[in-house]
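Asker: please find the sequence and the predicted model below.
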Protein chains: 2
Amino acid sequence: MKQTPRRTWLPWLDVDVPGYCTSPAETAAFELEAGCASLGIRVPRLSLDASMGDGYEIIQTNEGTTIAGGETGILYGTYAWMEAQAVGEPAPAGIQRPFYPLRMLDCWDNADGSVERGYAGRSLWFEGGRLTWDGARVRQLGRMLASVGINALCINNVNVHGAADNLIEDEGLPSLSRFARALQPFGVRLMVSVNFAQPMRHGIDTADPLDPRVRDWWRLRAEAVWRAVPDLAGFLVKADSEHRPGPFTYGRSHAEGANMLARAIAPHGGALVWRAFVYNCGQDWRDARTDRPMAAYDTYAPLDGQFDDNVILQVKYGPFDFQVREPVSPALLGLRRTRLALELQLAQEYTGQQIDLYAMNPMWRELAEDLPPERVCAVAAVSNLGRDDNYTGHPFAAVNLYGYGKYAWNPRIDPETVIRRWARLTYRLPKPQEDALTDMLMGSREVYEKYTAPLGLCWMVEPGTHYGPNPMGYEFSPWGTYHRADRHAVGIDRTSSGTGFTLQFPPELRDRWESPESCPDRLLLFFHRLPYDYRMRDGRTLIQRIYDDHFEGAEEVAAMAEQLAGLALPEPDRTEAGERMALQLKNAREWRDVVNTFFHRLSGIDDEQGRIIFP
Amino acid sequence: MKQTPRRTWLPWLDVDVPGYCTSPAETAAFELEAGCASLGIRVPRLSLDASMGDGYEIIQTNEGTTIAGGETGILYGTYAWMEAQAVGEPAPAGIQRPFYPLRMLDCWDNADGSVERGYAGRSLWFEGGRLTWDGARVRQLGRMLASVGINALCINNVNVHGAADNLIEDEGLPSLSRFARALQPFGVRLMVSVNFAQPMRHGIDTADPLDPRVRDWWRLRAEAVWRAVPDLAGFLVKADSEHRPGPFTYGRSHAEGANMLARAIAPHGGALVWRAFVYNCGQDWRDARTDRPMAAYDTYAPLDGQFDDNVILQVKYGPFDFQVREPVSPALLGLRRTRLALELQLAQEYTGQQIDLYAMNPMWRELAEDLPPERVCAVAAVSNLGRDDNYTGHPFAAVNLYGYGKYAWNPRIDPETVIRRWARLTYRLPKPQEDALTDMLMGSREVYEKYTAPLGLCWMVEPGTHYGPNPMGYEFSPWGTYHRADRHAVGIDRTSSGTGFTLQFPPELRDRWESPESCPDRLLLFFHRLPYDYRMRDGRTLIQRIYDDHFEGAEEVAAMAEQLAGLALPEPDRTEAGERMALQLKNAREWRDVVNTFFHRLSGIDDEQGRIIFP
């Protein structure tokens, strides 16, 4: 039996947005009528003031409530007001504006309907090589995105292949245009990932960005694309990365490559978002001098100041690739004359795959300690969405989409506030249960960290799938991801006396990470190679800390499983969450035993508490 | 440009066998005419004597040569005589008969045209879910098989899935019948792998072998199948193995399962070949008591004597799964009241994938030291064939198909004689080059063994692909394949004081393998857990032996590459062999460095000769 798609954190909006709304203001009016009827409250007045843009103000007077806002702001204000009503808290006072003007969701959806690193079912808008969608579901999606202020949706995988190449071709534009119109009522503008070598499909024998034929092809193509989709937000490009084509093929820099595309789309007001995910994915493991985390800074720092104004360099938060624990990417700190976007990943590729609980706002808050939000001008997050009834595979994984929108609107927002709000909106549990759910989600990331790779070591995950433990899985691989654990020690020395990675950071961070004494525990093995008997600040040895974390992590999952069983969740969420928790518990025990055994075999040092480590 | 399919070791037979030959005797007559014309010699007389069966005699008198033989023997004698003429050696004297009456080639071809563990292109007879073939190529294949006496061809994967289920259904029988007729002129009888749960496709809600509906279904199905293919050699079954259905589902023994099928096909003279590849493929790595090599004996020894006369239990040569070095399977020695077939694997799944050189006759000769050929009544080999122009991917891999036929005819044949004969037939090189090629192939297996998993340890290969090194790849897997290497020692104690595996063997072998002092080096780490500083008979430590083997193995490949470059091979064989040798050299160096680094990290012991071991 087909279920009605879930309403996630907007349960009171229990009717679909109709297809006749064509603008955010019309959507706001409909949503208010429907929402207030459902909540049993009076409908406020709407007041459109185009000059406010994304901003809004909720004005309470004796005559009632007025929601004033710009073209999109009026819709954001509408959801903000309803949210406050639904949870019985005051609406935000004063004019509200988003911190980042561009709040992107990057979907790695393939034209064939699969989703790269997707854990929530197939694509919501691709199938069989073409754009095709269920109108009601896409309007529900638009509602979800608008309710948290996400305003740009990149609809196709950065690895552009197969029929996705057709999106910006003449044959693809009519459906791209229709899809853009489907999301306009929610203030969501589309973006598309493009293939840097696209001109070569048209009889041009090069994709050299300095070749006039290439430049002209892109200029004409951009005219055609924006004619079909006038509000397209821009192009996203993954070039010279993991076997994607790019400027390096032609001896050109990434500034030359990005600027060529940026100039083609500039007349139309589009942004050229260029991913900075460049490294040697064919490294010889024997090569101990090349250090992958250094790649982005090495590639882009010399280009700082050379990018056009409508280029945005999109940089992953850490210098590796969405690991549980990484330092901030030095490229985000070091490029001061380049417009930067911070790239996050809601899809739980390395973080439990929407089976294991992993709420991300606490992680983003930690990130802000080393990366002031002002350092970047935009944010992007890899989507965790799919065609599953609940949109995110695990019903609780919706907290990350919700939380990402809140973070993009206000990167200084308190993580617990966000998580508790999501829980209250979604489930309306009795207060002790709401507390339990909030605590569980707040702590979920540290629990996951404890039972997986220790102390910032990274990459002990199963290659390929990226789920479950494999301590040696990347050790002899070409991916540049090694820990070189031996019988004495573990980790890579990335200090100035090692690979020199710390030298890419500003002095304050460099000094803190340069020495194991001042380096925080959570990043200790990211920056340092240390013997197993290294004495940590709290008096424990390194190996004992590894054992302790892994035993504790698995125990904490067992405790979470008990807490979860006590929550009065509605069905099917209760069953879905329960089934996944059973898998998480199995996964946590597997990680615990594999990692402990791995290090015990190497070190020969027993657990001080005599707990079971298998031989 | 489509090339003419290669003639492999029968280059003088440079015209296709015509489609009008319908019996081996007719084929013999054609081949003699064609071959003698090509060789420029007089055509001998053929004399059919049905009583001789597979046997033949080549009679030389003053009036000329007569080849006398049975229905198939006359064809075998024809090829034997031509082979002798082609290489300028005397034909075998006296009546020749094969040692094994049933000489099977098991093809793991899927109905979709792919070949499981195939390294020579797609299936020669399946594509798009159905049987379809190029008549000329299949007749060339028939010629190759008949020339070395292979008389049964199981055409589909033991993992029966997809459209292969249809082979024995009414819709599949016409093409099965036609394919059988295509190979009749070569004395090759078909076999088919069947799905134990096949009756469940026909509204029967069980595959319980004791259920009368199941028994009746198979009886009627066998009647239909043999009506369509009267000379079908039998059914092959993989049951209760790696997720295949089988009698265990219904609480029945494998004797009950096999006998039910055997009785259905007995009236038609068919053999029921039952694979003994049963083990727990969902083992918990923490479980150190379960020892996978013990599974086949544990499962089948209690059933010894319970199988019907037309059941043949097909057992892999080693107790694991086609590893480079294993002891003989104890099931082959211990089941003395069961008809047994020895299963070999020509497909180089774990042995270099038809990239790395690996000639197998020396390995089979070693096997015979512990397994008297009389212990089994039949042989089977997993095919290394595919649609590549040269049939075997690597042109030299043909030596294994050729050599297997010779071995099946006479398991005591000298490996060097076989390999030299193949080389001479195929290439007619100058004597020093023929010597070099023969030496290279004779030694190829030991070279491969040196640079891969040491001393019978097994399973250091990349999981999934089974090519290239991954020392920890199976260590935490569910496949029951562990070495449990730690900083002190490596290996599993499989003696009577360990898992007890040695107790499954007859006293002579048990005693030899029970102690590390008497256990041959090549099996040392299969049976024993030993510290790295264990002193071996030749005075070297275990770890030094591991290092030495790996350095030597890679050096020996480099030497082979030089030898190969000096051979005056015809094109395209020269290019194909050269390209593969470059890959083998890379593979050997990767194995050397990964395995040496792995053990150096664990043991901390340096190479005595100071060669490079990467950190």
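Answerer: That came in fine, so what should we check first?
Asker: the residue of the stretch 1-150 of chain A found nearest chain B: neighbouring residues, count only.
Answerer: Taking C-beta to the nearest C-beta as the measure, the stretch 1-150 of chain A has A:Asp112 as its residue closest to chain B, at 18.9 Å. Using the backbone N, CA and C atoms, a C-beta is placed for each residue, glycine as well. Residues lying near A:Asp112 (other C-beta atoms under 10 Å in any protein chain shown) number 16.
Asker: OK, contacts around it?
Answerer: A:126-129, A:162-163 (C-beta atoms under 8 Å, 6 or more residues apart in numbering or on different chains).
Asker: 6 Å instead?
Answerer: Contacts for A:Asp112 (C-beta atoms under 6 Å, 6 or more residues apart in numbering or on different chains) come out as none.
Asker: phi, psi for the spatially most central residue of chain A please.
Answerer: Central residue of chain A (C-alpha atoms, centre = their mean): A:Gln345, 2.1 Å from the mean position. Torsion angles at A:Gln345 (phi, psi; degrees, to the nearest 10) stand at phi -140, psi 110.
Asker: regarding the nearest residue to A:Met104 once chain neighbours are set aside, what is its secondary structure?
Answerer: Closest residue to A:Met104 apart from its sequence neighbours, by C-beta to C-beta, 6 or more residues apart in numbering or on different chains: A:Ala380 at 3.9 Å. Classification of A:Ala380 using DSSP: H, G, I helix; E, B strand; the rest coil returns strand.
Asker: so A:Ala380 sits against A:Leu102, correct?
Answerer: No. In this structure, A:Ala380 is not within contact of A:Leu102 by C-beta atoms under 6 Å, at 8.2 Å.
Asker: quick check: residues of chain A near chain B?
Answerer: Contact residues, chain A versus chain B (C-beta under 6 Å from any C-beta of the partner chain): A:286, A:472, A:476, A:486-487, A:594, A:601-602, A:604, A:614.
Asker: may I see these organised as JSON lines, with distance to B:His550 and secondary structure added?
Answerer: Formatted as JSON lines, the residues of chain A next to chain B follow (distance: C-beta to C-beta, whole Å; DSSP: H, G, I helix; E, B strand; the rest coil):
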{"residue": "A:Arg286", "distance to B:His550": "14", "secondary structure": "coil"}
{"residue": "A:Met472", "distance to B:His550": "18", "secondary structure": "coil"}
{"residue": "A:Phe476", "distance to B:His550": "14", "secondary structure": "coil"}
{"residue": "A:Asp486", "distance to B:His550": "18", "secondary structure": "coil"}
{"residue": "A:Arg487", "distance to B:His550": "19", "secondary structure": "coil"}
{"residue": "A:Val594", "distance to B:His550": "26", "secondary structure": "helix"}
{"residue": "A:Arg601", "distance to B:His550": "21", "secondary structure": "helix"}
{"residue": "A:Leu602", "distance to B:His550": "21", "secondary structure": "helix"}
{"residue": "A:Gly604", "distance to B:His550": "24", "secondary structure": "coil"}
{"residue": "A:Phe614", "distance to B:His550": "28", "secondary structure": "coil"}
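Asker: just the buried ones among those, please.
Answerer: Buried residues within these, counting neighbours by 16 or more other C-beta atoms under 10 Å in any protein chain shown: A:472, A:476, A:486-487, A:594, A:601-602, A:614.
Asker: what's the farthest-apart pair in these?
Answerer: Maximum pairwise distance among these (C-beta to C-beta): 23.8 Å, between A:Phe476 and A:Phe614.
Asker: quick one on the thing from earlier: which of A:Ala380 and A:Leu102 has more neighbours?
Answerer: The neighbour count for A:Ala380 versus A:Leu102, taken as other C-beta under 10 Å, is higher for A:Ala380 (29 against 21).
Asker: so what's the more buried one up against?
Answerer: Neighbouring residues of A:Ala380 by C-beta under 6 Å, 6+ apart: A:104, A:106, A:314, A:341, A:343.
Asker: find me the pLDDT at it, would you?
Answerer: The model reports A:Ala380 with a pLDDT of 98.
Asker: check A:Asp308 too.
Answerer: 98.
Asker: ok, A:Met1 next?
Answerer: 34.
Asker: and whichever strand or helix holds A:Phe598, how far out from the chain middle?
Answerer: According to DSSP states H and E, A:Phe598 maps onto helix A:573-603. Centre-to-centre, helix A:573-603 and its host chain are 24 Å apart (C-alpha atoms, centre = their mean, to the nearest Å).
Asker: report the mean confidence score over that helix.
Answerer: Average pLDDT, helix A:573-603: 98.
Asker: one more: stretch A:548-567?
Answerer: The pLDDT scores in stretch A:548-567 average 98.
Asker: then stretch A:311-327?
Answerer: 97.
Asker: run through who's touching it.
Answerer: Identification of contacts with stretch A:311-327 by C-beta under 6 Å, 6+ apart yields A:258, A:262, A:271-276, A:293, A:329, A:331-332, A:338-341, A:343, A:345, A:349-351, A:367, A:378, A:380, A:449, A:456, A:458, A:522-523.
Asker: just stretch A:545-559 next, same as before
Answerer: With contact meaning C-beta under 6 Å, 6+ apart, stretch A:545-559 is reached by A:447, A:450-451, A:454, A:536, A:584-585, A:588-589, A:592, A:595-596, A:599, A:607, A:611.
Asker: what does stretch A:225-232 give?
Answerer: Residues from elsewhere that reach stretch A:225-232 (C-beta under 6 Å, 6+ apart): A:168, A:173, A:176-177, A:180, A:189-190, A:268.
Asker: most surrounded residue in these?
Answerer: A:Ile168 (25 neighbours).
Asker: residues contacting that one?
Answerer: Contacts of A:Ile168 (C-beta under 6 Å, 6+ apart): A:Val225.
Asker: look at it and report its pLDDT.
Answerer: So A:Ile168 comes in at 96 (pLDDT).
Asker: and it, how far is that from A:Ala222?
Answerer: Note on A:Ile168: its distance to A:Ala222, by C-beta to C-beta, to the nearest Å, is 9 Å.
Asker: all set, thanks.
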